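1. show me how the following folds:
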Amino acid sequence: MQERRQLPYLKGRIAMPEAQPQPQPPIQQPSLPQTPQPQPEQPRPIKEMKSELNKAPESKKNAQRIDTEQIPRPIIRAEESAQYLQFSTQPVPLYHPPQTHSFFVTKDEGNVGPRLMRTTIYAIGNESSILNQTEIPFGVVVQPLQEPFPGEEDVPLVQFNHDPIRCNRCKAYVNPFFQFIDSGNSFICNICKAKNPVPMEYYSPLSQGNQRANKYMSPELHKGAYEIVAPNDYIKKKIENILILFCIEISQRTVSKGIYKQIITSIQSTLDSIPFPERTDIAFITFDSRIQFYNIPQNLNSEPQIIVVSELNEANVPLPLDKLFLNVQNDKEKIDYMLEKLEKYGVSNKPHSIAVGTVLTNAYNLIAPRTGRILYFGSQAPTSGIGKVTLRRIDQKLFGSDEEKNLYKPQNQEFIKLGELCQRSHISTDLFIFSEDHFDLATVAPISNLTGGQIYFYPQFHPVVNGTELHYQIYRNLTRAYAYDGVMTLRTSEGIILQSYITSSGIREVRDLELSNINADQSIGILLKQDEKIVGNESYLQYALLYTNQAGQRLIRVFNQQIQVVNKNNANNPWHNIFKTADMDAILLLLIRKFLPNILTHQLKLVRQQIFDALVAMLHSYRKYCSSNSPTGQLILPDAIKTLPLFIQALNKRDILKWGVVRVDNRIYEQHLLLYQTFNYVNNMLYPKLYQIHDCSQILIDEKYYVGQVGKENDIIIPNNLAISIEKIKSNGVYILDCSEYIFVYVCNDVSPATMREIFGVQNMNDIVNIDEIPQLDTDLNQTVNNIIDALRRYSGGAYQPVKIIKQNSTSSSQFTCKLFEDDWQTEKSYGEYLCEIHAAILAKGI
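-> Below you'll find the model as predicted:
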């Protein structure tokens, strides 16, 4: 019997279904052997193709001739999961971090780790024309609160007994690239090259190599990421306890579908896991056609006072803040009492119109001017009260027309205005939406996007299918790390300027970006520009986030990145070196985030074309400047971004950009995800990882370990992934598809009874009753499959991923097959055909 790897489940219980995961012991990540930093390979031709590839029939023929085993795709290798790469961030020539889907552990030795911040390129030309000619978008994507992977260090904390050491000229914070001179009495700023005196209280003598004697005792001098305790004069607004206000719809729909009960149950089971409970206060509002506020009595044997607000066209908060909010630690008994009462109040009511804007306005007025978060749970569109909308009749003829863009615009400005008010008061709004019908997310979503809130969307909520999902998303929302009252900026070396930030609310052209809050599952893009010649061999970026953490500390989180400067000379091709250091994950996010906000102002086909043209421009530049002698019949892709066409093609097959009739709310929701989520989430969302599991327990790795076992390094070994194509699906197979939101288990029609017993404990497919979990059985294959699922959850970070078991030819099978993005689908091309189209477009631009 294999050794079973036990991974920790999040604490809590599920209202529906009754089965509940049990807490398990945490994982211990071992120390890892040092592995040399990988260097990108030389470009490889994909396949000889005819120059007439721009003709659709010929493109189809050529696509069929492509060896699909050889075209680029993200690769998961079992051998790499058996022994992780230990990636050092020490600055080296042509520095290049591993991709997001790779198995690696970061060792911070000077540059910020790639889980926290990625730059689109790690080499830049000394002349701006060089970078412009590559057509690569220049910028960074930052995930400032990303949790460390097991085996990685937390961001170290630095506390000075004096003001932080900064450059007097550009205000850059002390970092590993400051050059100390004059026996340690002065330093040269790496950002602006200004000479500064070292304060007496920070003085340290220099050792060999002009390094400070205390360098390795001071994180700010040898780490790429660290945070500094901010002095008192950095505090503009003292944050008292964080306020969390739950606004819960108590309608016929939410009650009858088990939504209301699940919300109450999940909140109750999560209370003991909320970080810093002594600094967290919570309150509850419920609503149907009216809004109910609850005043807890001193005597908990009596009923709470319920104040009902019937006026929906203006805000009305009947009780002061201190009468409604309860401290999570000190008022636990009162909170339990309130949740018990709320659960009893959950009885089906007649259908009513819902005043979403009035509820959220009341919530804002209740919290302001304090700092906090609003969690809104609702299922119906805002058809009354503040910000009410007229339910749109979606004419299918609009899709593909110039008028389609109007479907994605707000019907009114009320939620935008409210979002701006919340942002100024440092209040964020998370939306949990359970609408089967059109909700009009286009109108309501701005209140979440403008405040840094997250949107959760359940278009067809079923308690058995979605109960576990909702529970763990509530759990994650209430337990992850948050930065409140934040201000971020990016300082750059001379020759580079900050252009704009890209957040879930779109592009914001400011120097310093103010945030209501930012959390561990969120990323922000920053667009840069090289505007003049760079002098020297290195350039630098320094990101800084001033924020208040959940413990009430005012901190400055600092990330540092060195970028190599390359020059034109006889022995050096600067364009080739820039492409060699290109970061596919950062380029993908910046590229799509730059253009996705355009769906409000442009036809969908133009947005698709903008992204396609940007991709072709990059690949044409590579061919022109790095591989001009290659035969025209070969498609040449730069190795570092060779999978970028695959991700862009997959984007076209998602609801956000695909042709035809698409539910409008789905499109707005996917836009939010792509503008908001992390590297890993987007990577799996656009290219889910497919694994064959019906025979994986017998696969031997390195002649030592079986897939699904705990290997030498105490890590679960993951099988090799497959191309996401129906061609890889065998009729007698069982497969896992990891697509960020869910882990699908796909069961084909001809699976043998023995395999069904081994994995599911049943004789045949029809006997599978629970579709949201794999049972725990005492068989090798079952334990292997459960180990793999647990490991995938661990690698993903963020919210716990529910399992969905899908049977071939069932009504839900399209949820699996529509994510096989390498296949042609409806009007969309296959991956091979798409490469042909790209090749034709490159040739059309000339060489």
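2. show me the longest strand that occurs in the chain.
-> Secondary structure of the chain read by DSSP state E shows that its longest strand is strand 554-566.
3. which neighbouring elements make contact with whichever helix or strand comes after it?
-> Using DSSP states H and E, the helix or strand that directly follows strand 554-566 along the chain is helix 574-580. Applying 3 or more Cβ pairs under 8 Å, 6 or more residues apart in numbering; DSSP states H and E, one finds that helix 574-580 contacts strand 123-125, helix 128-134, strand 554-566, helix 604-626. Yep, even glycine has a C-beta here, placed from its N, CA and C like the rest.
4. would you reformat those as TSV and include mean neighbour count?
-> Output for these, formatted as TSV (neighbours: other Cβ atoms under 10 Å):
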stretch	mean neighbour count
strand 123-125	25
helix 128-134	18
strand 554-566	24
helix 604-626	19
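5. among these, which is nearest Ala840?
-> The closest approach between Ala840 and any of the helices and strands packed on helix 574-580, judged by Cβ to Cβ, belongs to helix 604-626 at 9.5 Å.
6. quick check: mean pLDDT of that closest one?
-> Over the span of helix 604-626, the pLDDT mean works out to 97.
7. what do you get for stretch 581-597?
-> Throughout stretch 581-597, pLDDT has a mean value of 97.
8. returning to what we had before: pairing partners for the longest strand of the chain, with directions?
-> Looking at strand 554-566 with DSSP bridges, its partner strands are strand 123-125 (parallel), strand 225-229 (antiparallel), strand 538-548 (antiparallel).
9. which of these sits most buried?
-> Comparing those by mean neighbour count (mean count of other Cβ atoms under 10 Å), strand 123-125 comes out on top with a mean of 25.
10. of all the helices and strands packed on helix 574-580, which one comes closest to Asp778?
-> With distances scored as Cβ to Cβ, the stretch of these nearest to Asp778 is strand 554-566 (46.8 Å).
11. got TSV for the strands paired with strand 554-566, with distance to Glu135 and mean pLDDT too?
-> Compiled in TSV, these are given as follows (distance: least, Cβ to Cβ, whole Å; pLDDT from 0 to 100):
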stretch	distance to Glu135	mean pLDDT
strand 123-125	13	96
strand 225-229	30	97
strand 538-548	19	97
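12. can you tell me which of these is nearest to Ile743?
-> Nearest to Ile743, of all the strands paired with strand 554-566, is strand 225-229, at 30.4 Å by Cβ to Cβ.
13. run through who's touching the closest one.
-> Where contact means Cβ atoms under 8 Å, 6 or more residues apart in numbering, the residues beyond strand 225-229 that reach it are 108, 112-113, 116-117, 155-160, 164, 173, 219-220, 553-560.
14. ok so, going back, and the helices and strands packed on helix 574-580 as JSON lines, adding distance to Thr286?
-> Conversion of these to JSON lines gives the following (distance: least, Cβ to Cβ, whole Å):
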{"stretch": "strand 123-125", "distance to Thr286": "55"}
{"stretch": "helix 128-134", "distance to Thr286": "55"}
{"stretch": "strand 554-566", "distance to Thr286": "35"}
{"stretch": "helix 604-626", "distance to Thr286": "39"}
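15. which stretch among those comes nearest Pro93?
-> Nearest to Pro93 among the helices and strands packed on helix 574-580 is strand 554-566 (6.2 Å), distances taken as Cβ to Cβ.
16. quick one: that closest one to chain centroid distance?
-> Relative to its parent chain, strand 554-566 has a centroid offset of 21 Å by Cα atoms, centre = their mean, to the nearest Å.
17. neighbours of Thr811, how many?
-> Residue neighbour count, defined by other Cβ atoms under 10 Å, stands at 8 for Thr811.
18. my error: substitute Asn809 in the last question.
-> Neighbour tally, Asn809, other Cβ under 10 Å: 8.
19. confidence score at it?
-> At Asn809 the predicted local distance difference test score is 89.
20. give the contact list for it.
-> Contacts for Asn809 were tallied using Cβ under 8 Å, 6+ apart; they are Asn749.
21. would it count as being in a strand?
-> No - according to DSSP: H, G, I helix; E, B strand; the rest coil, Asn809 belongs to no strand; its state is coil.
22. one step back: can you tell me which of the helices and strands packed on helix 574-580 is nearest to Tyr202?
-> Closest to Tyr202 of these is strand 554-566 (Cβ to Cβ; 16.0 Å).
23. quick one: mean pLDDT over the closest one.
-> Along strand 554-566, the predicted local confidence has a mean pLDDT of 97.
24. next: stretch 136-149.
-> Confidence over stretch 136-149, taken as the mean pLDDT, stands at 96.
25. give the buried residues for that stretch.
-> Neighbour-count burial for stretch 136-149 flags 136-146, 148-149 (criterion: 16 or more other Cβ atoms under 10 Å).
26. in JSON lines: these, plus secondary structure and distance to Met756.
-> Below are the buried residues of stretch 136-149 laid out as JSON lines (DSSP: H, G, I helix; E, B strand; the rest coil; distance: Cβ to Cβ, whole Å):
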{"residue": "Ile136", "secondary structure": "coil", "distance to Met756": "50"}
{"residue": "Pro137", "secondary structure": "coil", "distance to Met756": "49"}
{"residue": "Phe138", "secondary structure": "coil", "distance to Met756": "53"}
{"residue": "Gly139", "secondary structure": "strand", "distance to Met756": "50"}
{"residue": "Val140", "secondary structure": "strand", "distance to Met756": "49"}
{"residue": "Val141", "secondary structure": "strand", "distance to Met756": "43"}
{"residue": "Val142", "secondary structure": "strand", "distance to Met756": "46"}
{"residue": "Gln143", "secondary structure": "coil", "distance to Met756": "41"}
{"residue": "Pro144", "secondary structure": "coil", "distance to Met756": "46"}
{"residue": "Leu145", "secondary structure": "coil", "distance to Met756": "43"}
{"residue": "Gln146", "secondary structure": "coil", "distance to Met756": "40"}
{"residue": "Pro148", "secondary structure": "coil", "distance to Met756": "40"}
{"residue": "Phe149", "secondary structure": "coil", "distance to Met756": "35"}
